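Visitor: Predicted model, plus sequence, below.
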Amino acid sequence: QAQLEESGGGLVEAGGALTLSCRSSASYHTFRDTAVAWFRQAPGKEREFVARITASGDNSFYKDSVKERFLMYRKNAEKTVYMHMINLRPDDTAVYYCATTTGRSTGVEGDYDVWGQGTQVTVFE
């Protein structure tokens, strides 16, 4: 089974920016057919959907609170998905996970079958 590796998390002041990366070990042909999503889990809270992108990369969808601040895109040749985050807020603090599915792109955690280990994002005032 393919593996996912996230990177790019870190400690950032409110209003700052980070770009998360999610690289897949799947073959190029498999990766280009997978939909990818980012979820996050804040301390003491349930994991929640943040953003998703279709296999083609033509469409991306976002949680309301991150719209116009987060941008998800993919580079299939690199087998990597990125999420550029600007104007970060303390309530964006969480462990961010990427996940993939060869099924339909959704915002439902259970629809994704491959998960990364997560990368910590901490936003301070």
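Guide: Looks like it arrived, so ask away.
Visitor: Poorly predicted segments of the chain, please.
Guide: Scanning the chain for pLDDT under 70 picks out no residues.
Visitor: Please, where are all the helices along it?
Guide: For the chain, the helices defined by DSSP state H cover 28-31.
Visitor: Bridged to the spatially most central residue of the chain, which residues?
Guide: Central residue of the chain (Cα atoms, centre = their mean): W38, 2.7 Å from the mean position. Beta bridges link W38 to A51, C98, judged by DSSP bridges.
Visitor: wait, doesn't it sit right on R47?
Guide: No. Contact criterion Cβ atoms under 8 Å: W38 and R47 do not qualify, at 10.7 Å. Every C-beta, even on glycine, is put in place using the N, C-alpha and C of the backbone.
Visitor: Next, show the common contact partners of these two.
Guide: Residues within reach of W38 and of R47 at once, by Cβ atoms under 8 Å, 6 or more residues apart in numbering, are Y97.
Visitor: what's the spacing between the nearest residue to A37 once chain neighbours are set aside and G16?
Guide: The shortest distance from A37 to any non-neighbouring residue, by Cβ to Cβ, 6 or more residues apart in numbering, is to R52 (3.9 Å). Applying Cβ to Cβ, to the nearest Å, the value for R52 to G16 is 24 Å.
Visitor: what's the answer for A35, then?
Guide: Distance check for A35 against G16: by Cβ to Cβ, it reads 29 Å.
Visitor: likewise A99?
Guide: Distance of A99 to G16, computed by Cβ to Cβ: 25 Å.
Visitor: go on, T100?
Guide: Distance of T100 to G16, computed by Cβ to Cβ: 28 Å.
Visitor: Those two: which is more packed in?
Guide: Using other Cβ atoms under 10 Å as the criterion, T100 and G16 rank with T100 on top: 24 against 15.
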